[in-house]
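In: any chance you could fold what I've pasted below:
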Amino acid sequence: MLKPEYPPCILLDARNLTDTPAGVGNYAKNLIPRLVEQAGDAMRWIVIRHESNLTPLHTLDDPSRYMELSSPHNHGDLRDFALGSADLHKWLRTWGPVDIVHDLFHISPFRWFNFGPHYQPKFITTLHDFIWIDHPLASQPTLSKALWVKTFGTLSIPHTIYHSDHVICVSEATRERASLWLDPGASSVIAHGVHPSFFEQPPALPEALINEIANEPYICCVSNDKRYKNVDILLQAFAAHRRRHQTGKLVLVGKYQRLRHMAAELGISDHVVFTGILNQNQMHAVVAHGTLFVFPSLVEGFGLPPLEAMACGVPTAIADIEPMRSIADSGAMRFDPHNPEELGLIISRQLQREDLHQHWKERAQQRARQFTWERCAQHTLDVYRNLLT
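Out: Numbers count the residues shown, from 1 in each chain. As a prediction, this is how the structure comes out:
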């Protein structure tokens, strides 16, 4: 008798999706459901989740086609790099061989590819950025941590790239940076998408923020206070605007403990609102009701927040760097990320000129519509199919 043919099985390592997902976690959260939906009956799936976040990614109630497993181990740390291959081997011994292992983060366990001569699944890695290697001091709070992540990143990221059958880069800038280790024929550039809810009518502002904003026009930024995020320059630019016009507020979404002190030193504490981390609906509301969205990062692998703001129809200003320049194209204003005066003038102009809003709304939304998670999933499935042929 001939053995029955089963659809190929894909193992997705999505442990980067934790209880407080950042960029790489949101990538997994948005991509996986669309992969499953678009593949239909043509593929089977095993998804490894971090135990801190077990909210189901998909409602498919068929364990022969889709299964989510949990792991207590963090993704991409030293323990995972040194010992994580044992976890991967254990999962596969338990649930059977798979055809493709797709690591949704770019630090994979050492010797993860060594399954023996008779069983060699294809390995795919999504490469997000080289911030740990190129900007350790700007991404870490202390010199010792910066030296550690640079050493660890320099060892682990090239190792992961080198041993992958295919590398998915989130932007052309990331692929160019990886060219030292990357085979161009074994790589693709697949951009992130924008969740469709950002094009819809936004939710009402959270009640806790309504009184703080007090119906004033405000600038919004979704980021954190790591140095490479460069939010310092936004505070300086906003302070210069306040000195000229005494209008508007600045709303910062995310963790910004260090910048609270800077706001006080600049004399603008009463005009800066720190929201902390918000869920997607709350963040959507805060971004969508803003007058201007600013994204001043000095380096990014992709940079999704400005695209989400553009989808909301909010005039958006980005640092004039790659990949932001290519992603936003003509849908956003640009500024020198080292020049607070230039950004301050953009802030003043947007807060003073309501007639500019419609102009930028149309351009921003038109550009943002070109980035969908459905397209991201479609191109990712194309990579799978090419490797399976």
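In: how about the strands in the stretch 101-250 of the chain?
Out: 122-127, 166-169, 187-189, 218-222, 249-253 (DSSP state E, counting those that start in this stretch).
In: got those as CSV, with distance to residue 280 and mean neighbour count columns?
Out: Every C-beta, even on glycine, is put in place using the N, C-alpha and C of the backbone. Shown next, in CSV, are the strands of the stretch 101-250 of the chain (distance: least, CB to CB, whole Å; neighbours: other CB atoms under 10 Å):
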stretch, distance to residue 280, mean neighbour count
strand 122-127, 21, 23
strand 166-169, 24, 24
strand 187-189, 26, 18
strand 218-222, 11, 25
strand 249-253, 11, 23
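In: wait, residue 103 sits on residue 163?
Out: No - the pair residue 103 / residue 163 is not scored as a contact, 10.5 Å apart, by CB atoms under 8 Å.
In: neighbour count winner among those two?
Out: residue 103 (27 against 15; other CB atoms under 10 Å).
In: next up, the contacts around the more buried one.
Out: 13, 112, 123, 124, 125, 126, 160, 164 (CB atoms under 8 Å, 6 or more residues apart in numbering).
In: residue 49 falls within a helix, correct?
Out: No - counting by DSSP: H, G, I helix; E, B strand; the rest coil, residue 49 is not part of a helix but strand.
In: can you report how many residues lie near it?
Out: 23.
In: how does the chain divide into domains?
Out: Domains of the chain are assigned by automatic domain parsing as 9-193+372-388, 196-368.
In: which of those domains has the lowest mean pLDDT?
Out: Confidence, taken as mean pLDDT, is least for domain 9-193+372-388 of those (a mean of 88).
In: that one: end-to-end distance?
Out: 10 Å (CA to CA, to the nearest Å).
In: same deal with stretch 39-58?
Out: Taking CA to CA, stretch 39-58 runs 13 Å from one end to the other.
In: and what of stretch 40-58?
Out: Criterion CA to CA; first-to-last residue distance in stretch 40-58 is 13 Å.
In: so what touches that stretch?
Out: Contacts of stretch 40-58 (CB under 8 Å, 6+ apart): 6-19, 21, 25, 29, 32-33, 35-37, 39, 64-75, 91, 95, 98, 381, 384.
In: what distance do you get for residue 152 to residue 110?
Out: 12 Å (CB to CB, to the nearest Å).
In: and what of residue 227?
Out: Look at residue 227 and residue 110: by CB to CB, they are 30 Å apart.
In: keeping just the C-alphas, turn stretch 303-323 into PDB.
Out: Extracted C-alpha coordinates of stretch 303-323, given in PDB (Å, rounded to 0.1, in the frame of the first residue of the first chain):
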ATOM      1  CA  GLY A 303       9.400  50.900  11.600                       C
ATOM      2  CA  LEU A 304       5.600  50.200  11.700                       C
ATOM      3  CA  PRO A 305       4.200  53.000  14.000                       C
ATOM      4  CA  PRO A 306       4.500  55.700  11.300                       C
ATOM      5  CA  LEU A 307       2.700  53.500   8.800                       C
ATOM      6  CA  GLU A 308      -0.100  52.900  11.300                       C
ATOM      7  CA  ALA A 309      -0.400  56.700  11.900                       C
ATOM      8  CA  MET A 310      -0.500  57.300   8.100                       C
ATOM      9  CA  ALA A 311      -3.300  54.700   7.800                       C
ATOM     10  CA  CYS A 312      -5.200  56.800  10.400                       C
ATOM     11  CA  GLY A 313      -4.800  59.800   8.100                       C
ATOM     12  CA  VAL A 314      -2.600  61.600  10.600                       C
ATOM     13  CA  PRO A 315       0.100  63.900   9.100                       C
ATOM     14  CA  THR A 316       3.400  62.100   9.900                       C
ATOM     15  CA  ALA A 317       7.000  63.300  10.100                       C
ATOM     16  CA  ILE A 318       9.800  60.700   9.900                       C
ATOM     17  CA  ALA A 319      13.500  60.900  10.300                       C
ATOM     18  CA  ASP A 320      15.100  61.100   6.900                       C
ATOM     19  CA  ILE A 321      16.800  57.700   7.000                       C
ATOM     20  CA  GLU A 322      16.400  54.300   5.400                       C
ATOM     21  CA  PRO A 323      14.200  52.300   5.600                       C
END
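In: roughly how far out does it sit from the chain middle?
Out: 13 Å (CA atoms, centre = their mean, to the nearest Å).
In: which of the residues in it are buried?
Out: Buried residues in stretch 303-323, defined by neighbour count with 16 or more other CB atoms under 10 Å: 303-323.
In: again, but for stretch 36-51
Out: For stretch 36-51, burial by neighbour count (16+ other CB under 10 Å) applies to 36, 39, 43, 44, 45, 46, 47, 48, 49, 50.
In: ok, the residue lying closest to residue 293 once chain neighbours are set aside - contacts?
Out: The spatial neighbour of residue 293 that comes closest, neighbours along the chain excluded (CB to CB, 6 or more residues apart in numbering), is residue 309 at 3.6 Å. Residues near residue 309 by CB under 8 Å, 6+ apart: 220, 222, 287, 290, 293, 295, 316, 364.
In: tell me who's in contact with residue 259.
Out: Counting by CB under 8 Å, 6+ apart, residue 259 touches 225, 231, 232, 235, 252, 274.
In: next one: phi and psi at residue 13?
Out: Main-chain dihedrals, residue 13, degrees, to the nearest 10: phi -90, psi 100.
In: not counting sequence-adjacent ones, nearest residue to it?
Out: In space, residue 13 is closest to residue 103, 4.7 Å off (CB to CB, 6+ apart).
In: bridged to the one you found, which residues?
Out: residue 13, residue 125 (DSSP bridges).
In: for it, give its distance to residue 226.
Out: As for residue 103, its distance to residue 226 is 24 Å (criterion: CB to CB).
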